[in-house]
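Participant: using only what follows, build the 3D model:
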Amino acid sequence: MVGDHNLNVSGDSIYNAKNTHFSFFVEGGENLKYTFKAIKGQKDTVDTFGVNGGELGYESNNVDFSSKVLFSLNGENNRNTEYLIDSFGAENCFGSISLNHKKYCILNKQYDEKTYEELREKIVAQMKEQPYSDKAGRKYFYGEFFPLELSPFAYNETIAQEFAPITAKRAKELDYPWQEPADKGYKPTKRWDELPDTILEVDDSILQETILCEAWDKDKEKAKEHQCSMAFKITKDELAVYRKFNLPLPRKCPNSRNFDKFQLRNPVNLWHRQCMCDKTHATHAGKCTNEFETSYSPERKEIVYCEQCYQSEVV
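Facilitator: You can find the predicted model right below:
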């Protein structure tokens, strides 16, 4: 894994953290699990994405500097809130949107503290007894994040497709919303494999060309999965950058380039592996029996060692 100054952690890209498991891109976290992108000392949190600088977070996304925020999306400086969206400075609120420094609100309606607590208790009880059921038959009881079908975006329109890519077929099997790219009517005037190999061979006429994307040309259906635009143009400022740094012209559209970039880093996943060291060290003779979790999958070419064998090799 990548990380340092950690105690009792598992995952990848973890720094200055302790008691953090199956988590990724964490800085200064404590007592976290299934947490992604907690970079400002988040504590006591489970199942979150981009929740930073707070504590007691659960099933939430992009909520910062908050305490006991549950099943919520986008916000900051909230306290003891549930099912909130785009709310800031809220306290003791339930099922509301776009609140600004409000207290004791349910469905954006203000109540006194006693009435709020009574209503909240009744709503939670009803949610437990009569869960929301989506078109696929998935039931959402109290304690679950917002139903997937309420998302304004399809799976492959979000960064989920960058970090955990799936195919259109798999999305259909899971009944996830999927967006086929719109036909923009582009008419390529030049193929990607007709571009010069060096920027020195490129003149300003390239600014008038519509270039067929390599990803689309090689596998149209796969390219659709990451919103490939099929063709692209080179802008004047972009060309100036390529010339300044002596870079060749790209062969793929910006969407395909961005997707490729994300696939270069380790997946947001862990595999159970055994140390591949078969040398004789102070700790073992023959094949090492140590086992661990790593973001390097068994199919990859890299050799992975346990910490003991790694340290023995590099000293």
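Participant: which helices and strands does the helix or strand of the chain with the lowest mean pLDDT pack with?
Facilitator: Ranked by mean pLDDT, DSSP states H and E, the weakest helix or strand in the chain is helix 160-163, scoring a mean of 87. For helix 160-163, the elements it packs on are helix 254-263, judged by 3 or more Cβ pairs under 8 Å, 6 or more residues apart in numbering; DSSP states H and E. In this view, the C-beta of every residue, glycine as well, is placed from N, C-alpha and C.
Participant: helices or strands up against the following helix or strand past the helix it packs on?
Facilitator: Helices and strands here follow DSSP states H and E; after helix 254-263, the next one along the chain is strand 271-274. Identification of packing neighbours for strand 271-274 by 3+ Cβ pairs under 8 Å, 6+ apart yields strand 291-294.
Participant: buried residues in the strand it packs on?
Facilitator: 292, 294 (16 or more other Cβ atoms under 10 Å).
Participant: now stretch 229-245
Facilitator: By 16+ other Cβ under 10 Å, the buried positions in stretch 229-245 come out as 229, 230, 231, 232, 234, 239, 242.
Participant: that stretch: end-to-end distance?
Facilitator: Its first and final residues considered, stretch 229-245 spans 26 Å by Cα to Cα, to the nearest Å.
Participant: and what of stretch 291-302?
Facilitator: OK, stretch 291-302 end separation, Cα to Cα: 16 Å.
Participant: who touches that stretch?
Facilitator: 1, 10-12, 24, 266-275, 304, 306 (Cβ atoms under 8 Å, 6 or more residues apart in numbering).
Participant: for stretch 14-27, same thing?
Facilitator: With Cβ under 8 Å, 6+ apart as the test, stretch 14-27 has contacts from 1-13, 28-42, 268, 270, 295.
Participant: which among those residues end up buried?
Facilitator: Buried among those (16+ other Cβ under 10 Å): 1, 3, 6, 9-13, 28-33, 35-39, 41-42, 268, 270, 295.
Participant: what's the domain layout of this protein?
Facilitator: 3-129, 190-255, 271-314 (automatic domain parsing).
Participant: could you export those domains as CSV, including distance to residue 149 and mean pLDDT?
Facilitator: Listed next are these as CSV, based on distance: least, Cβ to Cβ, whole Å; pLDDT from 0 to 100:
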stretch, distance to residue 149, mean pLDDT
domain 3-129, 15, 96
domain 190-255, 20, 96
domain 271-314, 31, 90
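Participant: looking at it, residue 99 is touching residue 79, isn't it?
Facilitator: No. The pair residue 99 and residue 79 does not pass the contact test of Cβ atoms under 8 Å, sitting 11.9 Å apart.
Participant: who has more neighbours out of those two?
Facilitator: More crowded of residue 99 and residue 79, by other Cβ atoms under 10 Å: residue 99, with 22 against 16.
Participant: that one and residue 106, how far apart?
Facilitator: Shown here: residue 99 relative to residue 106, a distance of 11 Å by Cβ to Cβ, to the nearest Å.
Participant: got any residues that touch both of those two?
Facilitator: Counting by Cβ under 8 Å, 6+ apart, the contacts common to residue 99 and residue 106 are residue 93.
Participant: now the helices: where do they sit in the stretch 51-200 of the chain?
Facilitator: For the stretch 51-200 of the chain, applying DSSP state H, counting those that start in this stretch gives helices covering 113-129, 160-163, 168-174.
Participant: in a markdown table: the ones you listed, plus distance to residue 261.
Facilitator: Output for these, formatted as a markdown table (distance: least, Cβ to Cβ, whole Å):
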| stretch | distance to residue 261 |
| --- | --- |
| helix 113-129 | 41 |
| helix 160-163 | 9 |
| helix 168-174 | 22 |
